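Undergrad: structure of the sequence below:
(chains A and B)
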Amino acid sequence: MPERLRGFRDFYPEDQEIRREIFDTMRDECRKFGFREVDGPSIESVDLYAHKSGEEIMAQMFNFMDKGGREVTLVPEFTPTLARMVASRKDLIKPLKWYTLAKFWRYEEPQSGRFREFYQLNADILGSDSLHADVEVLNLAGSIMKSLGLGSKVKLKISSRSLLEDIIKYLNIEKKDTLYYLLDRWVKINEKDKENLIGELGISKEKLESIITGKIINELKSSNLDRLMKIMDEFNEYGTIKIELDLKIVRGLAYYTSTVFEIWDLEEKMRAIMGGGRYDNIISQMNGDYTPAVGFGMGDAVVENLLKREGLWYEKDKRRVFISIADDKGRKYSYYVSKMFRENGIITDVNVTERNLGKQIEYAAKMGFKYSIILGEREFSNKNVSIRDLITGEQWSMSLEEAINKLKNS
RNA sequence: GCCGGGAUGGGGUAGCGGUGUAUCCUUGGGGACUGUGGAUCCCCGGACCCGGGUUCAAAUCCCGGUCCCGGCCCCA
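TA: Got it, this is the predicted structure:
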């Protein structure tokens, strides 16, 4: 049997129905916040990602040569596409609030919460440098968590690249990259490596720890700090999920300019559920007008892991009605009955086998249908339907109209 | 790209050099039952990841690969 490609997933109905519902929830929340849906290509030229140049990046893209000799890649993230879309349309009225839920690809080793193909929701506000845009984006993320039932299971961790710059100046740190690395890795690396890296920075362990704990902000005067505190205040004003300052949030992307944030499960056992921040420069870097922007990406894999852990991942089979057919007259009649049901919004399955009636009802019961409609010569000549409750075993005869009413309200 | 641990019917498993037509449960198909159920009984289908090697003999031991789970790197 041919095998599925490494890191790719099949989605069978029992899972796909849940995924569909989760995605619908995400889209609904975006729309409620006034975001409009966009989409982009699945393949882009690798040049689009040149701002993150380096062989490491190439190694992690799903890139290949197309038949015209172009170096292309399956899109690894949405933001560069978004920036291109915005940069090439000068007529767009700002600010823009856009979202997309699409597939993305990364050529990496699969592991928990990470695949080579994944879905990601992106929501961005473009054309406002106000902190209120940051707040709005964060409120959307918080609302999505809440409506997924994860409101009390997660927290938002927030920091600011520009605030970190202020701290770097304040402490006279020259090796900025080392500090970023150290903050990002803090919970992962061992004591020895920590000592060495702190030594490289040329600051005391106490100072570094005051960054880790966030206490350093008490001895600092900075407009970037004020801005961040204001964002946190306003986020709490709206009130969806917990928020905390965490200067360890760095994020790898080169294009973030100030606010950066992530959502984590409370115990921080998993990967970040969502990540994002403010990126004010990439659109102008693509020769567009200066367009400050803030947004986030939320992958499907970690959300799925968390929902499963919290027992919120359960079947969503919406089918309730199965039409069983007793004879040829019943078969003919079933086309009319099923059509009437469906036109009235009742999800209706119908027997498509030559099985005898007993087998049909057995099938319907096994599949978890609540009702079986039985149609045969009797029903046809009486102009009614027989309806059997497969859970209680009760059975009634009623007119088609009565049946439609009963099924619509059940 | 690197490092662990795995892989036996659709799912879950037993077997860990010979006793084998590979165990058990479950699932699937059919029948007993031509207008009524998941029970019961009967029948049927379905697996040792792939390729080399060791051996008289390999599901079992060895090597390589593939895939899965997890970790590193990286994180968009």
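
Undergrad: tell me where the model's unsure across the stretch 151-300 of chain A.
TA: Filtered on pLDDT under 70, the stretch 151-300 of chain A yields the residue ranges A:253.

Undergrad: how about the residues of it near RNA strand B?
TA: A:184, A:185, A:188, A:189, A:251, A:252, A:253, A:271, A:275, A:297 (CB under 7 Å from any atom of the strand). C-beta: built from backbone N, CA, C; applies to glycine.

Undergrad: one more time with 10 Å, if that's ok
TA: Proximity of the stretch 151-300 of chain A to RNA strand B, by CB under 10 Å from any atom of the strand, involves residues A:180-181, A:184-185, A:187-189, A:193, A:249-256, A:260, A:262, A:269-272, A:274-277, A:296-299.

Undergrad: restricted to helices, list the residues you listed.
TA: Assigned to helices by DSSP state H, the following of these qualify: A:180, A:181, A:184, A:185, A:193.

Undergrad: how much space between the last one and residue A:185?
TA: Residue A:193 sits 8 Å away from residue A:185, going by CB to CB, to the nearest Å.

Undergrad: now residue A:163, nearest residue through space, not along the chain?
TA: Nearest-residue entry for residue A:163: residue A:224, 4.2 Å, with adjacent residues in sequence omitted and distances by CB to CB, 6 or more residues apart in numbering.

Undergrad: how many neighbours does that neighbour have?
TA: Using other CB atoms under 10 Å, residue A:224 has 18 other residues around it.

Undergrad: and for the helix or strand that it is a member of, what are the contacting residues?
TA: In this structure, residue A:224 sits in helix A:223-238 according to DSSP states H and E. Residues outside helix A:223-238 that contact it (CB atoms under 8 Å, 6 or more residues apart in numbering): A:131-132, A:134-135, A:138-139, A:142, A:156, A:158-160, A:162-163, A:165-166, A:217, A:243, A:245, A:258-259.

Undergrad: buried set for it?
TA: By neighbour count with 16 or more other CB atoms under 10 Å, helix A:223-238 contains the buried residues A:224, A:225, A:227, A:228, A:231, A:232, A:234, A:235.

Undergrad: gap between the residue in the stretch 51-200 of chain A that RNA strand B sits nearest to and residue A:252?
TA: Of all residues in the stretch 51-200 of chain A, residue A:76 sits closest to RNA strand B, at 2.8 Å by CB to the nearest atom of the strand. As judged by CB to CB, residue A:76 and residue A:252 stand 12 Å apart.

Undergrad: out of the two, which sits in the more crowded spot?
TA: Remark: of residue A:76 and residue A:252, residue A:76 carries more neighbours, 22 against 9, as counted by other CB under 10 Å.

Undergrad: next, that one: secondary structure please.
TA: Under DSSP: H, G, I helix; E, B strand; the rest coil, residue A:76 falls in the coil class.

Undergrad: name the nearest residue to residue A:283, ignoring sequence neighbours.
TA: In this structure, residue A:283 finds its nearest non-sequential neighbour in residue A:291, 4.1 Å apart by CB to CB, 6+ apart.
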